[in-house]
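Colleague: A structural model of the following input is requested.
(one chain, ligands or ions: 1)
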Amino acid sequence: MTHNKRLLWRALAVLFAVTLIAASCGDDGDDVDSTAAPAETAEPAADDADEPDAPATTAADVIEDTQDGDLLDTIISRGRLNCGVSGAAVAFSETQPDGSQTGFDADYCRAVAAAILGDADAVEFTPLTAAERFTAVQTGAVDVLMRNTTWTQGRDTEVGMDFGPTTYYDGQQLMARAGDGFSGSSQVSDIGGAVVCTNAGTTTEQNIADAAAAAGVDITLNTFEDFDIVTTNFIQGACDIVTTDGSALVGRKANQQPDGEEWVIFPPTPISKEPLGPTYGQNESRFADVVNWTVYATILADEKGITSANVDDMAANPPDAEAGRLLGGEGELQSAMGLAPDAFWQVIRQVGNYDEIYSRHLNKVGLTREGSANAGWLDGGLIYAPPAR
Ligand SMILES: N[C@@H](CCC(=O)N[C@@H](CS)C(=O)NCC(=O)O)C(=O)O
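Modeller: This next block holds a predicted model:
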């Protein structure tokens, strides 16, 4: 394909991606204020959420033809990783007053930068709403999303994304006021007649519509541009119930529950599976390998007790051959991936292992690994990495 033809395809891809967003967001956004007006008010419909109906030509079809060069090489020559985050996800990615980002997802951006560039600070963070996020990857505005993004079949195929290892196993729940008669054991069958609010462009919209239909209850579903606006409307009483990933509800309750009010999260078993993890454009295999093995390196280091505090000693005296390889010693495989041999040593030294990253950000809002799917596989959880050999 000629260069000009590639440029034409790229322009078409951008146009198409913008159309996708327009289709998935309706008229939300511009006219949303922070008080009451919802982005979209609708009875739950069968297919109006998250991604549009399958178009004749999908983003996936065109993206393959529009990628010039190799993304890993591009990032190395740019000297910076462009990482898309939420910026409003409590404990996952929060924009600080000075513009910096903190949180579990933000640290996974830093981990990838440490692996590729040897510098955890070589990251440009871009806060994105749920509805903006996939276009930002497809247009090249960001290299990767670390944005509480759920891995789904549609996103993995017709939307044109690829997904890395799940870093946080989540599930959708609902949050309401105890004073309205709800408790932690309430069920979806108890929410008939309620105004339920969430943010646009998410798995959340479709899940709650499906769950309400399955439970045989009618709800009014209002969607807003982002979850800050959703929470404001909940606090002001415009929403009876808010719904999203359970981790976000826990974070919002920890930070925003007004004095004298009790917010409850239910049902005890989430209404959906929300495996969250890194997301990037499809068919960028070298970059994908690096993102994936950066996550695996943090998990393997956790398994082996390698921390940011002891990584130098562990590199000098590895507890086993696999640890030695991972930290850049004999038989290392990082060079074959286009990285420096010490790439994962940098990740652990500068950012930490999985447990350090998790505990640093999530424990303080009450999200603990023990007994959850986010425990290591040896402790009955799902956090697991393939062998580094
Ligand atoms: N995991 C879901 C939902 C992602 C999402 O955008 N969630 C909301 C609520 S967690 C959000 O804006 N997050 C930032 C926040 O907590 O405000 C998806 O991938 O669609």
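Colleague: residues of the stretch 101-250 of the chain that sit close to the ligand?
Modeller: 130, 148-150, 199, 202-204, 226-228, 244-245, 248 (C-beta under 6 Å from any ligand atom). Where C-beta positions appear, they are placed from N, C-alpha and C, glycine not excepted.
Colleague: nearest to the ligand: which residue in the stretch 251-389 of the chain?
Modeller: Scanning the stretch 251-389 of the chain for the residue nearest the ligand gives Glu274, at 4.9 Å (criterion: C-beta to the nearest ligand atom).
Colleague: so that residue touches Thr166, yeah?
Modeller: No - with contacts counted by C-beta atoms under 8 Å, Glu274 stays clear of Thr166, the gap being 9.5 Å.
Colleague: can I assume Ala214 sits in a strand?
Modeller: No - residue assignment for Ala214, taken from DSSP: H, G, I helix; E, B strand; the rest coil, gives helix, which places it outside any strand.
Colleague: Glu274 and Thr166: which has the busier surroundings?
Modeller: A direct count of neighbours by other C-beta atoms under 10 Å for Glu274 and Thr166 places Glu274 higher, at 27 against 21.
Colleague: how much space separates that one from Gly179?
Modeller: From Glu274 across to Gly179, the span is 28 Å (C-beta to C-beta, to the nearest Å).
Colleague: quick revisit: what is the nearest of the residues of the stretch 101-250 of the chain next to the ligand to Asp355?
Modeller: Checking those against Asp355 by C-beta to C-beta gives Asn148 as the nearest, at 19.4 Å.
Colleague: list phi and psi for that closest one.
Modeller: In terms of degrees, to the nearest 10, the main-chain angles of Asn148 are phi 20, psi 60.
Colleague: partner residues bridging Met161?
Modeller: Each beta-bridge partner of Met161 is listed here: Gly281, as defined by DSSP bridges.
Colleague: burial check on it, number of neighbours?
Modeller: A count of neighbours around Met161, defined by other C-beta under 10 Å, yields 24.
Colleague: quick one: residues contacting it.
Modeller: If a contact means C-beta atoms under 8 Å, 6 or more residues apart in numbering, then Met161 has Phe134, Val137, Arg155, Thr279, Tyr280, Gly281, Gln282 as its contacts.
Colleague: so Gln282 sits against Asp162, correct?
Modeller: Yes - with contacts counted by C-beta under 8 Å, Gln282 reaches Asp162, the gap being 4.5 Å.
Colleague: average pLDDT for the host helix or strand of Arg349?
Modeller: Element membership for Arg349 (DSSP states H and E) is helix 343-350. Confidence over helix 343-350, taken as the mean pLDDT, stands at 98.
Colleague: elements contacting that helix?
Modeller: In terms of contact count using 3 or more C-beta pairs under 8 Å, 6 or more residues apart in numbering; DSSP states H and E, helix 343-350 is assigned the packing partners helix 104-117, helix 285-304, helix 311-316.
Colleague: tell me the most buried of the ones you listed?
Modeller: The densest packing among the helices and strands packed on helix 343-350, expressed as mean neighbour count by mean count of other C-beta atoms under 10 Å, is seen in helix 104-117 with a mean of 27.
Colleague: what angle sits between it and helix 285-304?
Modeller: 110 degrees (axes from the mean of the first three to the mean of the last three C-alpha atoms, to 10 degrees).
Colleague: helix 104-117 vs helix 343-350, what angle?
Modeller: Computed with the same axes, to 10 degrees, the direction of helix 104-117 lies at 140 degrees from that of helix 343-350.
Colleague: from the chain's centroid, how far away is helix 104-117?
Modeller: Going by C-alpha atoms, centre = their mean, to the nearest Å, the spacing between the C-alpha centre of helix 104-117 and its chain's C-alpha centre is 14 Å.
Colleague: show me what the stretch of helix or strand Phe234 belongs to is packed against.
Modeller: Element membership for Phe234 (DSSP H and E) is helix 227-235. Under the contact criterion of 3+ C-beta pairs under 8 Å, 6+ apart, the helices and strands touching helix 227-235 comprise strand 88-89, strand 195-199, strand 220-224, strand 241-245, helix 246-256.
Colleague: please repeat the previous calculation with a cut-off of 7 Å.
Modeller: With contacts taken as 3 or more C-beta pairs under 7 Å, 6 or more residues apart in numbering; DSSP states H and E, helix 227-235 sits against strand 195-199, strand 241-245, helix 246-256.
Colleague: how many neighbours does the nearest residue to Cys197 once chain neighbours are set aside have?
Modeller: Closest residue in space to Cys197, ignoring its immediate chain neighbours: Cys239 at 3.6 Å, by C-beta to C-beta, 6 or more residues apart in numbering. Cys239 has 25 neighbouring residues, counting by other C-beta under 10 Å.
Colleague: right, and Cys239 touches Val195 too?
Modeller: Yes - counting by C-beta atoms under 7 Å, a contact exists between Cys239 and Val195, whose distance comes to 5.4 Å.
Colleague: on that earlier part again, after the helix holding Arg349, which helix or strand is next?
Modeller: According to DSSP H and E, the helix or strand after helix 343-350 is helix 354-362.
Colleague: any idea of the mean pLDDT for that next one?
Modeller: Predicted confidence along helix 354-362 averages 98 (mean pLDDT).
Colleague: rewinding a little: wait, the residue of the stretch 251-389 of the chain closest to the ligand touches Trp151, no?
Modeller: No - here Glu274 does not reach Trp151: they are 8.7 Å apart, not a contact under C-beta under 7 Å.
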